Structure formats: C-alpha cells, structure tokens
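K.L.:
based on what follows, work out the 3D shape:
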Amino acid sequence: MSGHGDPILMTARKGAALKGVAEVPGDKSISHRALILGALSVGRTEITGLLEGQDVLDTAKAMQAFGATVTRHGPGDWTVEGVGVGGFAEPEDVIDCGNSGTGVRLIMGCMATSPITATFTGDASLRKRPMGRVTDPIALFGARAVGRAGGRLPMTIVGAADPVPVRYTTPMPSAQVKSAVLLAGLNAPGQTVVTEREATRDHTERMLRGFGADISVEETAEGRVITLQGQPELTGQKVAVPRDPSSAAFPVCAALIVPGSDILVPGVSQNPTRNGLFTTLVEMGADITFENPREEGGEPVADLRVRSSALHGIAVPPERAASMIDEYPVLSVVAACATGTTVMRGVKELRVKESDRIDAMARGLEACGVAIEEDEDTLIVHGLGAGNVPGGATCATHIDHRIAMSFLVLGLASQQPISVDDGSPIATSFPAFEGLMAGLGAQITRGA
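P.N.:
The predicted structure is shown next:
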C-alpha cells in the first residue's frame with residue numbers, strides 16, 4: 001500500500017524520439033527551506049516557482065501549525081508571514097510530514113530550541129526512516145525526543161527552554177542533519193558551529209545568509225566549518241526558486257537513452273553541491289550543453305540541451321556521492337543502457353532513503369535482465385549497451401518516487417515494456433511528471 005491512496009500501476013514502453021522543452025518543477029530542497037525560513041522571519045516572504053509536490057505542501061501546513069500565515073496566490077506563487085526566530089507557537093495537533101524526510105528533519109531542528117512540544121508522524125515509508133541522526137544533535141541544545149524503538153516516528157520533540165549553542169561534527173554526509181543543527185542554532189545564544197568532513201548541498205547556508213543571518217563558511221583540514229551567530233532577526237525576502245536538478249534528471253536521462261532524442265530543459269540549478277549527476281553523465285559520453293548560464297534566487301542556473309548519446313560505463317568517484325545522492329537510481333538506469341560497467345561506491349546513504357534504494361534498483365534491474373553487484377556501500381551495473389535491456393518486468397517501488405520514475409525511464413528504452421507496481425508516490429516530488437514526459441513524446445500509461 002502506498003500511503004498515498006490506492007497503488008497506481010504504470011507502464012512505460014519504447015516509442016518515438018523525445019523532442020521538445022521540459023519545464024521541470026521548482027527545486028524541492030529550496031522550496032522546503034523557503035517556507036521554513038519565511039516562517040522564521042519577520043515580515044513577508046514572497047516565493048515564486050515553489051514546487052507544489054505533496055512533500056512541500058506538507059511543510060507549508062506544518063509552518064501554519066507553528067503559527068506562520070502561509071498563502072497560495074497561484075501556481076508556484078506563495079507568501080509567508082513569519083513569526084520570527086523563537087516565535088513558533090505550539091501546534092494543536094500532530095504534524096504529519098507525509099513522505100518527506102527533509103521536511104520532518106528540518107522542522108524538528110527549527111523547533112528544537114523553542115520551549116514548545118510537537119509530535120511528528122508520516123506515511124509508512126517515513127515511519128521506517130531513522131530520526132536519531134537529528135534527535136542526537138538537537139539533544140545537545142537541550143531538546144528531548146521520545147519516539148518508537150530505533151528512533152522512528154511517531155516522535156515527540158520537547159524543545160529546549162534554555163538552549164545552549166553547540167559545536168557538532170556530522171557523522172555522515174547529510175544536508176538534512178547539517179541543516180537541522182543550523183536551524184536549531186538560530187534560537188540559541190552565541191555561536192553554533194557545524195563541521196562536515198564532506199561537503200553537502202549548501203542551500204541552507206546560502207538562504208540563511210540571504211534572509212540576514214550572520215553565517216560564515218571556512219574550508220579547513222578538518223572539513224567544511226560553518227559558523228552561525230545565534231538569535232538573529234531574519235527578514236522576509238523574495239525567493240525565486242530555481243528548477244530542481246533532481247527532477248530534471250529524469251527527462252535528461254530519458255533523452256540520453258532514447259534514440260534520436262533532442263530536448264531542452266531550461267533554468268536548472270547548477271549549484272556545485274547538486275550537479276554531480278550532470279558531471280558524471282558527461283564523463284560517460286553524454287551530449288549535454290549548458291546554455292545561458294545565469295543566477296536566479298541566489299543560485300547558479302543554466303538551460304540544458306540534451307541529445308541521445310552513445311554512453312560508456314565509468315567508476316563514479318565516491319567523493320561525488322553527496323552532490324548526487326538522489327540521482328543514483330536513475331544513473332543506474334543510464335548505466336544499464338551504457339556499454340561496459342559502471343561502479344558506484346560510497347553510496348550507503350541510499351539504504352536509508354525513502355526505501356533501500358540500492359536493493360530496490362538492484363532487484364528491479366535484475367528483473368529487467370541487467371546484471372548487477374552490490375554490497376552495503378556499492379552498486380555495480382554491467383551495462384548491456386543501447387537498446388539491449390530486455391525489460392518486461394513489473395518493478396516494486398517501495399513507496400519511493402525516485403524508484404518509480406527511474407524504472408519508467410528505463411521502460412522507454414528497453415526491448416519490452418517495464419511496469420512499476422505503484423506510481424502514486426511520484427506526486428510527492430514531481431506531480432507533473434506524467435504530463436511533462438507525455439509532452440516530450442514518452443509512452444507512459446496507467447495500467448499494464
């Protein structure tokens with residue numbers, strides 16, 4: 001059962017070349033943060049290009065529950081009247097974050113240093129995901145967490161009445177953990193310092209600075225050291241959300257493996273902490289050009305021109321994992337259609353995403369006739385070359401939007417159609433996926 005209503009069987013099959021313009025939605029990471037920082041600011045934040053997937057809508061509801069006024073004015077056009085740092089009210093009901101690990105972890109962080117109590121839950125997938133990676137560091141500020149065995153939701157957070165600043169080194173490369181600690185540090189006196197040994201997506205640091213926080217970043221021998229001065233007055237801003245590179249990954253990869261394709265994907269974020277997939281695809285021989293580079297909403301963006309390409313397997317540097325962690329499922333699809341072997345190491349974080357993504361992709365690829373190898377931290381795909389993936393399977397999505405979209409992309413280039421047992425989770429991050437892909441000429445239908 002999906003947790004998003006009845007399961008939706010979906011099938012993708014080989015068809016004509018993909019052509020046209022793919023207007024992918026706003027960046028999910030930035031959309032979450034724009035709502036949260038708007039709620040923590042004084043005055044009005046105006047957001048354009050907000051992703052209206054279910055994950056982000058759940059964060060908007062949560063900000064309302066904590067006392068902010070969140071209003072939708074039209075597609076992607078939202079305002080937030082904030083309550084200021086330390087101004088969160090205690091919610092009257094349980095906060096349901098649906099499928100969103102980003103939403104729940106960031107919200108736990110930003111309420112952890114206020115003297116309020118909140119209970120969080122989510123769908124079946126989110127209730128399996130570990131929250132100790134956030135509740136451990138927020139306990140250093142003085143917050144308390146009570147949840148199910150193994151640090152699982154539902155969970156109640158009792159915010160610190162007298163928070164103290166902390167110095168924290170992240171034990172794993174996780175933008176969610178880093179961001180939760182920084183957001184908790186906003187309402188603690190003095191300096192909160194976070195050190196990450198491997199750089200992760202830096203949207204939180206960029207946006208905190210844009211909203212008026214005193215924050216600095218220093219590269220040291222120990223890693224990337226982020227210092228935040230607590231108890232600032234954040235001021236409402238105008239935020240133009242760039243288009244999501246994680247969503248762009250699906251039409252981009254589809255165009256690369258469907259013969260004769262030529263598409264344009266405009267306005268995609270080129271943040272260096274997020275563009276590992278595009279770097280990797282180019283190394284595999286992808287014909288991608290980055291046109292009209294510019295800046296939108298404090299983020300570098302470009303228009304991507306993508307043409308079908310003869311691809312070859314590579315060894316992806318493990319240090320690149322943090323900049324493309326959400327894109328490994330669809331990269332493994334591209335690898336299946338490439339010539340030779342693609343080795344993906346340093347990817348153990350995939351095991352604790354919406355599903356165990358290494359296992360989900362491995363089992364699905366095997367069912368489609370692709371040989372794979374895996375261990376706890378590695379996925380190796382033995383590519384069959386363009387047009388040689390047999391397909392013909394129904395793949396389990398495990399309530400995971402990226403698994404669903406990845407196998408549908410593979411079905412566009414396989415010899416036999418590929419189905420997914422439940423496409424409903426796609427709505428959490430990319431509700432326009434079906435319509436956008438159909439507009440390019442993709443043969444994706446509901447049912448067998």
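K.L.:
the residue nearest to Glu295 when sequence neighbours are not counted pairs with what?
P.N.:
Distances taken as CB to CB, 6 or more residues apart in numbering put Val301 closest to Glu295, at 7.0 Å, once the chain neighbours are dropped. C-beta coordinates here come from the backbone N, C-alpha and C atoms, glycine included. Here Val301 sits in beta bridges with Ser269, Arg294, going by DSSP bridges.
K.L.:
so what's the residue count around Val301?
P.N.:
Burial measure for Val301: 23 neighbouring residues, criterion other CB atoms under 10 Å.
K.L.:
could you do Ala89 as well?
P.N.:
12.
K.L.:
show me the contacts for it.
P.N.:
When contacts are counted by CB atoms under 8 Å, 6 or more residues apart in numbering, Ala89 touches Phe66, Gly67, Val83, Ile116.
K.L.:
so which of the residues you listed belong to helices?
P.N.:
Residues of those located in helices (DSSP state H): none.
K.L.:
now for those, which pair is the farthest apart?
P.N.:
Val83 and Ile116 (11.6 Å; CB to CB).
K.L.:
let me see the backbone angles for Asp377.
P.N.:
Backbone geometry at Asp377, expressed as degrees, to the nearest 10, gives phi -120, psi 10.
K.L.:
actually Arg274, not the one I typed
P.N.:
phi -130, psi -10.
K.L.:
for the residue nearest to Glu295, give me the pLDDT.
P.N.:
You'll see Val301 listed with a pLDDT of 93.
K.L.:
quick check: the gap between it and Gly383.
P.N.:
Using CB to CB, to the nearest Å, Val301 is found at 31 Å from Gly383.
K.L.:
re earlier: neighbour-wise, which one of the contacts of Ala89 leads?
P.N.:
Phe66 (22 neighbours).
K.L.:
list the contacts of the closest residue to that one other than its chain neighbours.
P.N.:
Closest residue to Phe66 apart from its sequence neighbours, by CB to CB, 6+ apart: Phe88 at 4.3 Å. Phe88 is in contact with Ala39, Phe66, Gly67, Cys110, Met111, Ser114, Ile116, counting by CB under 8 Å, 6+ apart.
K.L.:
could you rerun that using 10 Å?
P.N.:
The contact partners of Phe88, by CB atoms under 10 Å, 6 or more residues apart in numbering, come to 39-40, 63, 65-68, 107, 110-111, 113-116, 118, 159, 187.
K.L.:
pLDDT at the spatially most distant residue from the centre of the chain, what is it?
P.N.:
Centroid-distance maximum for the chain: Asp162 at 32.6 Å, with CA atoms, centre = their mean. What the model reports for Asp162 is a pLDDT of 97.
K.L.:
quick one: it and Ala188 touch, right?
P.N.:
Yes: look at Asp162 against Ala188 with CB atoms under 10 Å: they come within range, at 9.5 Å.
K.L.:
anything in contact with each of these two?
P.N.:
Thr113, Phe141, Gly142.
K.L.:
need those residues in TSV (columns: secondary structure and pLDDT).
P.N.:
Below are these laid out as TSV (DSSP: H, G, I helix; E, B strand; the rest coil; pLDDT from 0 to 100):
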residue	secondary structure	pLDDT
Thr113	coil	98
Phe141	helix	98
Gly142	coil	98
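K.L.:
run the chain-centre distance for stretch 242-259.
P.N.:
Relative to its chain's centre, stretch 242-259 lies at 15 Å (CA atoms, centre = their mean, to the nearest Å).
K.L.:
per-residue pLDDT, the nearest residue to Cys337 once chain neighbours are set aside?
P.N.:
Sequence neighbours aside, Ile257 is the residue nearest to Cys337 in space, at 4.3 Å (criterion: CB to CB, 6+ apart). Model confidence at Ile257, given as pLDDT, is 98.
K.L.:
quick check: Val301 vs Gly49, distance?
P.N.:
Using CB to CB, one gets 11 Å for the distance from Val301 to Gly49.
K.L.:
in stretch 340-348, what counts as buried?
P.N.:
Neighbour-count burial for stretch 340-348 flags Thr341, Thr342, Met344, Arg345, Gly346, Val347 (criterion: 16 or more other CB atoms under 10 Å).
K.L.:
what sits in contact with each of Val301 and Gly49?
P.N.:
Here Val301 and Gly49 share the contacting residues Asp27, Ala240, Pro242, Arg243, Gly267, scored by CB under 10 Å, 6+ apart.
K.L.:
if I read this right, the second one contacts Ser269, doesn't it?
P.N.:
No: proximity of Ala240 to Ser269 does not meet the contact threshold set by CB under 10 Å, at 11.3 Å.
K.L.:
please enumerate the helices of the stretch 101-250 of the chain.
P.N.:
Ranges of helices in the stretch 101-250 of the chain, per DSSP state H, counting those that start in this stretch, are 101-111, 132-141, 175-185, 203-210, 245-257.
K.L.:
of all those helices, which lies closest to Asn292?
P.N.:
Nearest of the helices of the stretch 101-250 of the chain (CB to CB): helix 245-257, 14.8 Å.
K.L.:
how about that closest one: buried residues?
P.N.:
Buried-residue list, helix 245-257, by 16+ other CB under 10 Å: 245-257.
K.L.:
looking at these, which is nearest Gly122?
P.N.:
Set against Gly122, the nearest of the buried residues of helix 245-257 by CB to CB is Ser246 (19.6 Å).
K.L.:
could you pull up the contacting residues of the nearest residue to the closest one once chain neighbours are set aside?
P.N.:
Closest residue to Ser246 apart from its sequence neighbours, by CB to CB, 6+ apart: Asp326 at 4.7 Å. The contact partners of Asp326, taken as CB under 10 Å, 6+ apart, are 28-29, 201, 244-247, 249, 274, 277, 349-350, 353-354, 357, 401-402, 429.
K.L.:
quick one: Asp326 is in a helix?
P.N.:
Yes: Asp326 sits within a helix when classified using DSSP: H, G, I helix; E, B strand; the rest coil.
K.L.:
measure it to Pro245 for me?
P.N.:
Counting by CB to CB - Asp326 and Pro245 are separated by 9 Å.
K.L.:
overlap of the contact sets of those two?
P.N.:
Counting by CB under 10 Å, 6+ apart, the contacts common to Asp326 and Pro245 are Ser29, Arg201, Arg274, Leu277.
K.L.:
nearest to Met172, of the residues you listed?
P.N.:
Within the shared contacts of Asp326 and Pro245, proximity to Met172 (CB to CB) peaks at Arg201, which comes in at 14.0 Å.
K.L.:
count of residues packed around the closest one?
P.N.:
Quick note: Arg201 (other CB under 10 Å) scores 26 neighbours.
K.L.:
can you report how many residues lie near Ser174?
P.N.:
Ser174: 22 neighbours (other CB under 10 Å).
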